[in-house]
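Q: Would you be able to build a 3D model of this:
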Amino acid sequence: MAVGETYFPEMPVIEGLRLGTAKAGIKKSDHRDLVVIEIPDGARVSGAFTRNAFCAAPVTVAREHLAACTARGEGARYLVINTGNANAGTGEAGLRDARATCAELARLAGVGEQSVLPFSTGVIGEPLPMERLLAGLPPALQALDDGAAAWREAGEGILTTDTRAKGACVTLALGKQTVTLNGIAKGSGMIRPDMATMLAFVATDATLEPSLLDQLLREAVDRSFNCITVDSDTSTNDACMLISTGRGAVVADEADLTIFRNGLQRVMTELAQAVVRDGEGATKFVTLQVDEARSRREALDVAFTVAHSPLVKTALYASDANWGRILAAVGRAPVEAFDVNRVTIDLGEVRLVEHGGRASGYSEEAGSAVMAREEIVIRIALGRGEQSATVWTSDLSHDYVTINADYRS
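A: Predicted coordinates:
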């Protein structure tokens with residue numbers, strides 16, 4: 001798959017789960033910008049949310065409502081997502097608007113207000129156009145459907161600066177039964193998740209205990225959405241939800257759990273990588289593999305230091321084999337007692353660094369050939385231990401600046 005391309009599969013039906021999309025005109029007319037996801041009674045929902053201190057009003061309300069559902073031994077019944085306005089940095093008025101959105105959807109659907117979880121994405125600091133948003137709820141409910149078209153339209157309805165919808169699915173065999181996992185995500189800029197991506201919604205018909213659902217979500221997020229970065233900025237609105245409808249096979253024994261865990265990781269990773277491939281202005285998809293670290297945290301610190309370096313990212317954009325920028329970034333990573341003589345750095349199949357300096361067999365021609373590729377792998381071995389981590393990132397182009405300079409126009 002080329003950079004800038006994402007694949008949206010034909011999503012199978014997950015019994016009891018329906019999606020509806022409307023054009024509410026929140027920011028643009030004739031644009032899908034309001035999505036409702038209906039969750040069947042008896043399902044369980046787990047969530048991970050941004051750690052940004054200025055978290056958006058819908059994040060606060062979604063956390064509160066999810067906690068209330070959990071305390072009652074219930075799952076949420078509806079998710080409502082709007083684009084075009086983040087409802088972040090809006091104080092008490094933003095909280096009132098988020099709660100009013102939940103209350104109106106609850107009234108229309110005949111459920112309790114706390115059974116509705118709100119999500120928003122878009123411009124920070126602007127009040128929600130509540131009249132338009134609330135007017136969009138009835139048509140979104142009328143559009144509820146469980147088919148592949150509904151999944152695709154929902155994937156389109158949660159986008160902001162994204163250029164295309166992002167979806168992933170997998171069907172798993174558990175003994176004589178099968179379970180399905182479907183997921184959609186949005187994200188293109190302001191991507192350095194500290195729990196998830198901008199917004200992601202994953203559903204399965206598998207039957208999972210609530211505590212296991214929470215555990216699986218944390219594990220999958222940690223090795224997918226928490227391992228991507230486009231521009232090192234953590235959003236105020238990040239949220240990742242995992243829904244278990246309980247209409248399918250029970251995931252209980254270790255063999256089935258391993259199969260399901262791997263399937264969930266696959267879906268989450270595909271969605272996370274799709275975000276990077278659609279990164280604002282991205283022309284390169286870059287895998288940073290750090291090995292031989294003392295801990296996974298150390299490996300991640302090195303990987304993200306390189307991934308966040310503007311000098312590295314602009315060299316990637318220019319296809320400039322300026323390997324000294326990678327070396328310098330590795331050297332300033334927060335690693336104690338670093339022995340640079342034990343570090344090796346490879347660019348694709350080309351060894352860049354060994355024994356504290358340029359590798360003896362390195363040539364500019366070979367390095368430039370790798371840098372010219374759309375997909376690049378940078379491998380860094382620290383020579384300190386046995387732990388590893390992988391991070392995915394993009395380059396930094398002129399278009400990134402243009403997109404964000406014009407974001408509100």
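Q: Distance from stretch 385-396 to the middle of the chain?
A: Centre-to-centre, stretch 385-396 and its host chain are 16 Å apart (Cα atoms, centre = their mean, to the nearest Å).
Q: Pull the residues that contact that stretch.
A: With contacts defined as Cβ atoms under 8 Å, 6 or more residues apart in numbering, stretch 385-396 is touched by 3, 227-231, 272-273, 276-277, 279, 281-296, 298-300, 303-304, 307, 310, 313-314, 316-317. All C-beta spots, glycine's among them, are computed from the backbone N, C-alpha and C.
Q: mind showing which ranges of this protein have poor pLDDT?
A: Counting by pLDDT under 70, the ranges of the chain that qualify are 1-2, 4-6, 196-197, 403, 407-409.
Q: Per the annotation, how does it divide into domains?
A: 18-278, 285-406 (the TED database).
Q: Could you report the neighbour count for Arg218?
A: Per other Cβ atoms under 10 Å, the neighbour tally for Arg218 reads 14.
Q: Next, please give the residue ranges for the helices of the stretch 301-409 of the chain.
A: 310-318, 323-331, 364-371, 398-405 (DSSP state H, counting those that start in this stretch).
Q: export the ones you listed to a markdown table and tack on distance to Leu79 and mean neighbour count?
A: Below are these laid out as a markdown table (distance: least, Cβ to Cβ, whole Å; neighbours: other Cβ atoms under 10 Å):
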| stretch | distance to Leu79 | mean neighbour count |
| --- | --- | --- |
| helix 310-318 | 34 | 19 |
| helix 323-331 | 39 | 19 |
| helix 364-371 | 42 | 16 |
| helix 398-405 | 28 | 14 |
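Q: quick one, strands of the stretch 101-250 of the chain?
A: 116-123, 166-174, 177-186, 199-204, 228-229, 239-244 (DSSP state E, counting those that start in this stretch).
Q: For Leu105, find the nearest of the helices of the stretch 301-409 of the chain.
A: helix 398-405 (32.0 Å; Cβ to Cβ).
Q: Break down the stretch 251-400 of the chain into its strands, ranges please.
A: Under DSSP E, counting those that start in this stretch, the stretch 251-400 of the chain gives strands at 285-293, 344-347, 350-354, 357-358, 375-381, 387-394.
Q: who wins for proximity to Asp41 among these?
A: So among these, strand 387-394 is nearest, using Cβ to Cβ, at 37.6 Å.
Q: List the strands paired with that closest one, with their directions.
A: As defined by DSSP bridges, the strand partners of strand 387-394 come to strand 228-229 (parallel), strand 285-293 (antiparallel).
Q: Put the alpha carbons of the last one into CSV.
A: Once side chains and other backbone atoms are set aside, the C-alpha atoms of strand 285-293 remain, and they are given as CSV (Å, rounded to 0.1, in the frame of the first residue of the first chain):
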residue,chain,number,x,y,z
PHE,A,285,5.7,5.9,5.8
VAL,A,286,8.5,5.2,8.3
THR,A,287,9.0,2.2,10.6
LEU,A,288,11.4,2.8,13.5
GLN,A,289,12.5,-0.5,15.1
VAL,A,290,14.6,-0.2,18.3
ASP,A,291,16.1,-3.4,19.6
GLU,A,292,18.5,-4.5,22.4
ALA,A,293,17.2,-2.0,24.9
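Q: Distance from that strand to the middle of the chain?
A: For strand 285-293, the distance to the chain centre is 19 Å (Cα atoms, centre = their mean).
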